[in-house]
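*Asks:* have a look; sequence and predicted model below, questions after that.
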Amino acid sequence: MEKVEFTQGILAIQPDLHRFAYKLTSDRDSANDLVQDCVLQALDNQEKFTYSKNLKGWMYTLMRNIFVNNYRRTVREMNIMDDNYSINQKYQIEDEDADRFEFTYDMKHLYRVIHSIPEEMKVPFQMFVAGFKYREIADKLGLPMGTVKSRLFFIRKRLKEELKDFSA
């Protein structure tokens, strides 16, 4: 398939790409950005497309991967900001009472526990904490809803075990 045919194929499925992007992002502007990123990446990686495969399915997979990577990047940036906040707080401990020190210690312990969770469980958990519903998490990650519920159940169970002495 030549570049012209490949581009025409992408143009033909563009309305489907917009619907799928909107389903992932729930925001028109973000959906448009996601479609644009997906099309650019597809054009840059045309040689990786196997022509025996379904172009629409390949584009959906590409789009979902871009969405998940963007989400992970956002979460990582939030974690970096949290880490910077913790570092700044460390220097203020000397001026504050023992309760403040315990709070900082507890937060570091909590971050350690959360960061020890396997990635395939961490992403659904972070999305749940961010306010996504089970169905939204399942749709956005391309997982069955039962898998999302199961992962959230096991992560809650693990957190409960790891943090049982947290409030004591």
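*Replies:* It's in.
*Asks:* pop the domain breakdown of the chain in here.
*Replies:* Per the record, the chain has its domains at 1-69, 96-168, by automatic domain parsing.
*Asks:* including mean pLDDT, could those go into CSV?
*Replies:* Shown next, in CSV, are these (pLDDT from 0 to 100):
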stretch, mean pLDDT
domain 1-69, 87
domain 96-168, 77
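*Asks:* my read: Arg72 touches Met127, true?
*Replies:* No - contact criterion Cβ atoms under 8 Å: Arg72 and Met127 do not qualify, at 10.6 Å. C-beta coordinates here come from the backbone N, C-alpha and C atoms, glycine included.
*Asks:* the two: which has the busier surroundings?
*Replies:* Higher neighbour count among Arg72 and Met127: Met127, with 20 against 14, using other Cβ atoms under 10 Å.
*Asks:* got the buried residues for the helix or strand harbouring that one?
*Replies:* In this structure, Met127 is located in helix 119-129 according to DSSP states H and E. Going by neighbour count (16 or more other Cβ atoms under 10 Å), the buried part of helix 119-129 is Lys122, Val123, Pro124, Phe125, Gln126, Met127, Phe128.
*Asks:* so what's Arg152 up against?
*Replies:* One thing to correct before we go on: residue 152 is Leu, not Arg. Pro124, Phe125, Phe128, Tyr134 (Cβ atoms under 8 Å, 6 or more residues apart in numbering).
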